[in-house]
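In: Provided below are the primary sequence and the corresponding predicted coordinates.
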Amino acid sequence: MTDTPDSFFQQIYALVRSVPAGKVTTYGAIANALHTKDARRIGHALHANPDSDLTPCHRVVFSDGRLAPGYAFGGPKEQLRKLELEGVVFLTDTQVDLSKSLYTFPAL
DNA sequence: CAAGTGACAATAA
DNA sequence: TTTATTGCCACTT
């Protein structure tokens, strides 16, 4: 089962879980918090995310506040609904208002 | 083992 | 301002 203790992924999950409801974070923010230059890793990590309930990947968006253009877990609509339900403000169907709902990590 | 692909971001034109 | 290209590094085949 190749249960590899990828601490990197765990850190990402921890950070995503640390994001309060009604707010969203960007891949760059997480990457920065982990002192890495590669934001793609975050995406891969979230894709490998076993529990969307444990790790609200829907709270993670692009640096522009945009969602994945169709690569989301169950479609951007599902993500939009969840985020909107949590109180996140949306500019368009696939873009969030980072000016109001962007969350940054404290120890950054 | 090597090459290709990829839930991104930053910079250049 | 928007679009295109490059860079980074892991995961997949």
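Out: Sure, I can see it.

In: contacting residues for the residue positioned nearest the centre of chain A?
Out: In chain A, the centroid-proximal residue (C-alpha atoms, centre = their mean) is A:Val60; its distance is 1.7 Å. Counting by C-beta atoms under 8 Å, 6 or more residues apart in numbering, A:Val60 makes contact with A:Val16, A:Val19, A:Val24, A:Thr25, A:Thr26, A:Tyr27, A:Ile30, A:Ile42, A:Leu46. All C-beta spots, glycine's among them, are computed from the backbone N, C-alpha and C.

In: Looking at these, which are in strands?
Out: Of those, the ones assigned to strands by DSSP state E are A:Thr25, A:Thr26.

In: Show me just the buried residues among the contacts of A:Val60.
Out: Among those, those classed as buried by 16 or more other C-beta atoms under 10 Å are A:Val16, A:Val19, A:Val24, A:Thr25, A:Thr26, A:Tyr27, A:Ile30, A:Ile42, A:Leu46.

In: Return only those of those residues found close to DNA strand B.
Out: Checked against DNA strand B using C-beta under 7 Å from any atom of the strand, those give the following subset in range: A:Thr26, A:Tyr27, A:Ile42, A:Leu46.

In: Tell me the residues of chain A that contact DNA strand B?
Out: So chain A meets DNA strand B at A:26-28, A:31, A:38-44, A:46-47, A:49, A:52, A:57, A:60, A:62-64, A:68, A:71-73 (C-beta under 7 Å from any atom of the strand).

In: Using pLDDT, spot the least trustworthy of the ones next to DNA strand B among the buried ones among the contacts of A:Val60.
Out: Least confident by pLDDT among these: that is A:Leu46, with 91.
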